[in-house]
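Participant: Fold the following for me, if possible:
(4 chains)
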Number of protein chains: 2
Amino acid sequence: MHPEVKELLRKSKMRLTAPRLAVLDVLEHEGKHRDAEFIAAAARRRLKLSRQAVYDNLNALVAAGIIRRIEPAGRPALYETRVGDNHHHLICRRCYATVDIDCAVGHAPCLQPSEDHGFVIDEAEVVYWGLCPTCQQNS
Amino acid sequence: MHPEVKELLRKSKMRLTAPRLAVLDVLEHEGKHRDAEFIAAAARRRLKLSRQAVYDNLNALVAAGIIRRIEPAGRPALYETRVGDNHHHLICRRCYATVDIDCAVGHAPCLQPSEDHGFVIDEAEVVYWGLCPTCQQNS
DNA sequence: ATGATATCTGTACAAAGTACAGATAAGAGT
DNA sequence: ACTCTTATCTGTACTTTGTACAGATATCAT
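Facilitator: Numbering: from 1, shown residues only, chains lettered A, B, ... in the order given. Coordinates of the predicted model:
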C-alpha cells in the first residue's frame, strides 16, 4: 500500500479501517478498472467483509475524491484510483476491456460544448466504444 | 404519427403493431428523452400493454437504428428519436433535465482520441453534467 | 483506558431490466 | 377473404446491481 494513500485518508478525516485499506489495495494492485463484485472477492482473500462494507467504502472514497467511479452503459460501475485529471475511457464492446484515454483537446477538455443552454457545466464524461485488438482477431 | 416512421419500420421488416406504434408515438409527441417507465405509462393511456412489450419494442427499435438509447450514470436508460448524427447530451445533476448538444468539434466528432490502443472505435459517447438554469436559481 | 461515533455486519428491500412459456395476431401467400 | 407461419405480446418469475436499516463493533480522540 502506498503511504500517500493513508495520507489522503487522514486528510479527508476518514478512519483507516482494514476493510477500507483492503479495498484500496485491491484497486492499486489488482487492476485499474474493477467493479464492486471483483473488489469484494479480492478483498475477501485478505479479510472477511460484507457486501455493504464494500459499497459503503467505495461510495465514501468516491465522495472524498480518492477514487473515481465510471458507469459504462449497461455495465456495473467500475472504480479506479486515477483521479483529478478527468481523463476518459475506451471500452471493448465484446470483452469490456477498459483503458484510459487522455483527453485529445487540451488541458481542461471537453467542458466547452457547442451550446451550453444556460447550464453551468462541471464535467464532461467521454466513453469511446470499439473492439480491442484481441477481439478484432477473434471475430 | 409521421408517415415516414412507418416506412422505417417496413424497411426494417418490422411489423406495425399497435404497441410498437404507441411507443414511437410517445417518443414523438411526449418528450424527447424519456425512460421506459414513462413510455410505458404514456402508452398505456392509448392501449393496454405489458412491461415486457415496452422493453421488447424499445430494444428492437434501438437494434434497428430507429431510436437511440442513452444510459446516464446511475439513471434509467433514456430513449430518443433523433438518430444518425451521434450528438451528445447535457444533463442536470439535480433535476436530470436533458438536452441535446451538437458536437463541438466538427462532423464525425470525437472518434479521434489521443491514442487508440489498437482499438477500432465506432462510437464516442459524451455526457456533460452540470446545473440547469432553473436549478441554479433554486440552489 | 475510555467514550463518542464512524464503520461494519446481515438481512431485507428496491430499481431496472431479462428469461421463458404459452397465447395472440400481423402480414404473406393463396 | 382464409389460412399459416412466426413475430410479437402477456404475465410471472427471476437476475443484477445497488441501497436501507438496525444493531454490533472497532477506530481514533481525549
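
Participant: residue boundaries of the helices in chain A?
Facilitator: A:3-11, A:18-29, A:36-44, A:51-63, A:133-137 (DSSP state H).

Participant: want to throw these into TSV with mean pLDDT?
Facilitator: Below are those laid out as TSV (pLDDT from 0 to 100):
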stretch	mean pLDDT
helix A:3-11	84
helix A:18-29	95
helix A:36-44	96
helix A:51-63	96
helix A:133-137	94
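
Participant: Let me have the ones you listed in a markdown table, extended by distance to DNA strand D and mean neighbour count.
Facilitator: The way it works is simple: take the backbone N, C-alpha and C, and place the C-beta from them, glycine included. Below are the helices of chain A laid out as a markdown table (distance: least, C-beta to the nearest atom of the strand, whole Å; neighbours: other C-beta atoms under 10 Å in any protein chain shown):
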| stretch | distance to DNA strand D | mean neighbour count |
| --- | --- | --- |
| helix A:3-11 | 7 | 13 |
| helix A:18-29 | 5 | 19 |
| helix A:36-44 | 4 | 18 |
| helix A:51-63 | 4 | 16 |
| helix A:133-137 | 19 | 13 |
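
Participant: want to throw those into TSV with distance to A:Asp102?
Facilitator: As requested, the helices of chain A are exported to TSV (distance: least, C-beta to C-beta, whole Å):
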stretch	distance to A:Asp102
helix A:3-11	22
helix A:18-29	20
helix A:36-44	25
helix A:51-63	21
helix A:133-137	19
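
Participant: which residues does the residue in chain A positioned nearest to DNA strand C contact?
Facilitator: Here the residue of chain A nearest DNA strand C is A:Ala53; by C-beta to the nearest atom of the strand that distance is 2.9 Å. By C-beta atoms under 8 Å, 6 or more residues apart in numbering or on different chains, the residues touching A:Ala53 are A:Pro19.

Participant: Could you do the one 5 residues further on as well?
Facilitator: Contacts here follow C-beta under 8 Å, 6+ apart; on that basis A:Leu58 touches A:Val23, A:Ala36, A:Ile39, A:Ile67, A:Arg69, A:Tyr79.

Participant: now for these, which pair is the farthest apart?
Facilitator: The distance between the two most remote of the contacts of A:Leu58 (C-beta to C-beta) is 12.7 Å, for A:Val23 and A:Arg69.

Participant: Can you list the buried residues in stretch A:80-97?
Facilitator: Across stretch A:80-97, burial judged by 16 or more other C-beta atoms under 10 Å in any protein chain shown covers A:Glu80, A:Asn86, A:His87, A:His88, A:His89, A:Leu90, A:Ile91, A:Cys92, A:Tyr96, A:Ala97.

Participant: from the residues you listed, which are also near chain B?
Facilitator: Residues of the buried residues of stretch A:80-97 in contact with chain B (C-beta under 8 Å from any C-beta of the partner chain): A:His88, A:Leu90, A:Cys92.

Participant: Beta-bridge partners for the residue lying closest to the first one once chain neighbours are set aside, please?
Facilitator: Closest residue to A:His88 apart from its sequence neighbours, by C-beta to C-beta, 6 or more residues apart in numbering or on different chains: A:Val126 at 3.9 Å. In this entry, A:Val126 is beta-bridged to B:Val126, by DSSP bridges.

Participant: A:Val126 contacts B:Val126, correct?
Facilitator: Yes: assessed by C-beta atoms under 8 Å, A:Val126 is found in contact with B:Val126 at 5.1 Å.

Participant: Please tell me how far the residue lying closest to A:Cys132 once chain neighbours are set aside sits from A:Val5.
Facilitator: Once flanking residues are discounted, A:Cys132 sits nearest to A:Cys92: 3.9 Å by C-beta to C-beta, 6+ apart. Distance of A:Cys92 to A:Val5, computed by C-beta to C-beta, to the nearest Å: 29 Å.
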